[in-house]
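**Student:** Need a 3D model of the sequence below.
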Amino acid sequence: MAVFKYSCLDFVLTFMGLCFLLLDIVLDIWTVVTFYQEKAYVSLVILVLLLVVSSVLAQVFSWLWYSPKEFVKGPVVKSLSLSPGKVKLLHVLQCGIYFRHAGVVELSLGSLRDSDHDSEGFAVYLTHDLSMLRIIEAFSESAPQFVLMLAIILRQGQLDPVTVLKAFGSASAIAFSVTMYHRSLRSFLPDKKKQVVVSSLVYYVWNLCLLLSRLVALALFASVLPCFIFMHFLCSWLVLFFFVWRSKTDFMDSPGGEWLYRATVGLIWYFCWFNVVEGRTLRRTLIYHSFIVADIVLLCGLWCWKMLSMELPFFPVSAPVAAAVASCVVGVYVVGLALKMLYYRYFHPNIAKEELKGHEDEGSTDEPRRKTMMTLRRADVEESCDGEIHYLQGVVERDSDQRKELHYNKRMRKLAGNFYCNA
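**Tutor:** Alright, predicted model coming up:
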């Protein structure tokens, strides 16, 4: 079986992820204080609501994804002697994800220092969950917050180059989270099928174009019709949630968790496409992108109509400028679609599910033991007590080797199958 490698680059990216997570908390607090000082109470309530919902959602997924072996192998849990009840309390206090990050950093440091392949494989296992949690946080907090901040700026009439750069930087950060998720999926590819670095670059650029266009269109609409953006989200989410349900996803281990996952995918689809089932995705992606393009045209059209009606308290724009802005927003999305087709044409490997790293199912520790005991010959068992002890040691050693092979993330393997096995 192929071995999952945890490189120095993976460690650096994980450590940077923890630092950026802490920095994001500081910036969120600073934004909340700024809204309070400016007496922008409506924006303050919306921002706090986004932060709370996003944090609770990520913590719930983090807790649901803890498995029994993580309580045994998890470095932070082990070093701090934290029981499952205490870990659950940490998630209730909204601190569970930070311990996940710290645990991966501690475990990866140990694997890099001691060349422990077992710890290395487990570090990759935990990193995969972190990449998915970052996706959830990006689309439940960062993306809506981007729309909120840009809409406020547009209403204030302060659209200067610095503001444009800030918006571009925020969208880049979200696209970076998506690219890191893509990097996690790549770890399941066989060595001969691994993609080159330029594939991740193209993947990043087309996601940036699609995200930037979608987020700007939503911000333009929210700046002129702020009350209707909530109705727009609710109606769109219900339609997208229906299609996720019809896709019959099978990602979580419990029915309740699966419904939560489907609702979350509906939220992600509101901003960006996300593969959720195996098989050919061409038809589904065409329907999805057609829906989003039509929605962007509608949002930009309503923005142009309101801006040209001269009924708004902030700065008016001329018809050519409004048309140019709307055309640029739609055009950037079209460019993103072209780059996406380029990626799938030249960089995306279509492979069989059996070629992905990892077993088809994790299995229990009893199953490898039964298989190992069945493969041992009767001649291996000596009649003496010492021989029996040697026999049992052989079973334990082989069983231990089997456990090392089970350090892969079955959830991310499903997502990798959805993404790569679409021939």
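**Student:** Do me a favour and average the pLDDT over the strand or helix carrying Ala324.
**Tutor:** Element membership of Ala324, judged by DSSP states H and E, is helix 319-346. For helix 319-346, the mean pLDDT works out to 91.
**Student:** Low-confidence ranges, the stretch 201-350 of the chain, go.
**Tutor:** Across the stretch 201-350 of the chain, the ranges flagged by pLDDT under 70 are 310-315.
**Student:** Phe188 sits in which helix or strand?
**Tutor:** Assigned by DSSP H and E, Phe188 belongs to no helix or strand.
**Student:** neighbours of it, just the number please.
**Tutor:** 26 (other CB atoms under 10 Å). (Glycine included, C-beta is placed from N, CA and C.)
**Student:** Packing partners of the helix holding Ala324?
**Tutor:** helix 197-224, helix 282-308 (3 or more CB pairs under 8 Å, 6 or more residues apart in numbering; DSSP states H and E).
**Student:** Would you mark the buried spots in it?
**Tutor:** 322, 325-326, 329-330, 332-333, 336-337, 339-340, 343-344 (16 or more other CB atoms under 10 Å).
**Student:** Ok, stretch 349-356 next?
**Tutor:** Neighbour-count burial for stretch 349-356 [16+ other CB under 10 Å]: Pro349, Ile351, Glu355, Leu356.
**Student:** same question, stretch 296-312
**Tutor:** Ile296, Leu299, Cys300, Leu302, Trp303, Cys304, Lys306, Met307, Leu308.
**Student:** Output it as CSV - backbone C-alpha positions only.
**Tutor:** C-alpha atoms of stretch 296-312 as CSV (Å, rounded to 0.1, in the frame of the first residue of the first chain):
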residue,chain,number,x,y,z
ILE,A,296,-25.1,37.0,-11.5
VAL,A,297,-26.6,38.6,-14.6
LEU,A,298,-29.8,39.2,-12.6
LEU,A,299,-28.0,40.6,-9.6
CYS,A,300,-25.9,42.9,-11.7
GLY,A,301,-28.9,44.0,-13.7
LEU,A,302,-30.8,44.9,-10.6
TRP,A,303,-27.8,46.9,-9.3
CYS,A,304,-27.6,48.8,-12.6
TRP,A,305,-31.3,49.6,-12.5
LYS,A,306,-31.2,50.9,-8.9
MET,A,307,-28.0,52.9,-9.5
LEU,A,308,-29.4,54.6,-12.6
SER,A,309,-32.8,55.3,-11.0
MET,A,310,-31.1,58.1,-8.9
GLU,A,311,-33.1,57.1,-5.8
LEU,A,312,-30.1,56.1,-3.7
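**Student:** quick one: contacts of that stretch?
**Tutor:** With contact meaning CB atoms under 8 Å, 6 or more residues apart in numbering, stretch 296-312 is reached by 213-214, 217-218, 220-221, 223-225, 232, 316-317, 319, 322-323, 325-326, 329-330, 333.
**Student:** what about 7 Å?
**Tutor:** Residues outside stretch 296-312 that contact it (CB atoms under 7 Å, 6 or more residues apart in numbering): 213-214, 217-218, 220-221, 224-225, 316-317, 319, 322-323, 326, 329-330, 333.
**Student:** Tell me how far Phe271 lies from Cys209.
**Tutor:** According to CB to CB, to the nearest Å, Phe271 stands 13 Å off from Cys209.
**Student:** Please read the previous query as pertaining to Asn418.
**Tutor:** The value you get for Asn418 to Cys209, if CB to CB is used, is 22 Å.
**Student:** again, but for Ser318
**Tutor:** 26 Å.
**Student:** before we move on, back to that, highest mean neighbour count out of the helices and strands packed on helix 319-346?
**Tutor:** helix 197-224 (a mean of 21; mean count of other CB atoms under 10 Å).
**Student:** Now do that one: which elements does it pack against?
**Tutor:** For helix 197-224, the elements it packs on are helix 143-156, helix 161-186, helix 228-246, helix 282-308, helix 319-346, judged by 3 or more CB pairs under 7 Å, 6 or more residues apart in numbering; DSSP states H and E.
**Student:** With respect to Gly103, which of those helices lies nearest?
**Tutor:** With CB to CB as the criterion, Gly103 lies closest to helix 161-186 of the helices and strands packed on helix 197-224, at 16.5 Å.
**Student:** Let's have the helices and strands packed on helix 319-346 in CSV, adding distance to Leu23.
**Tutor:** Below are these laid out as CSV (distance: least, CB to CB, whole Å):
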stretch, distance to Leu23
helix 197-224, 21
helix 282-308, 31
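**Student:** Out of these, which gets nearest to Gly96?
**Tutor:** So among the helices and strands packed on helix 319-346, helix 197-224 is nearest, using CB to CB, at 27.2 Å.
**Student:** which of the buried residues of helix 319-346 lies closest to Val202?
**Tutor:** Tyr343 (4.8 Å).
**Student:** how near is the closest residue to the closest one other than its chain neighbours to His289?
**Tutor:** Once flanking residues are discounted, Tyr343 sits nearest to Val202: 4.8 Å by CB to CB, 6 or more residues apart in numbering. Using CB to CB, Val202 is found at 17 Å from His289.
**Student:** what's the answer for Met180, then?
**Tutor:** 23 Å.
**Student:** before we move on, what about Phe99?
**Tutor:** Taken as CB to CB, the span from Phe99 to His289 is 38 Å.
**Student:** again with Leu210
**Tutor:** When Leu210 is compared with His289 (using CB to CB), they lie 8 Å apart.
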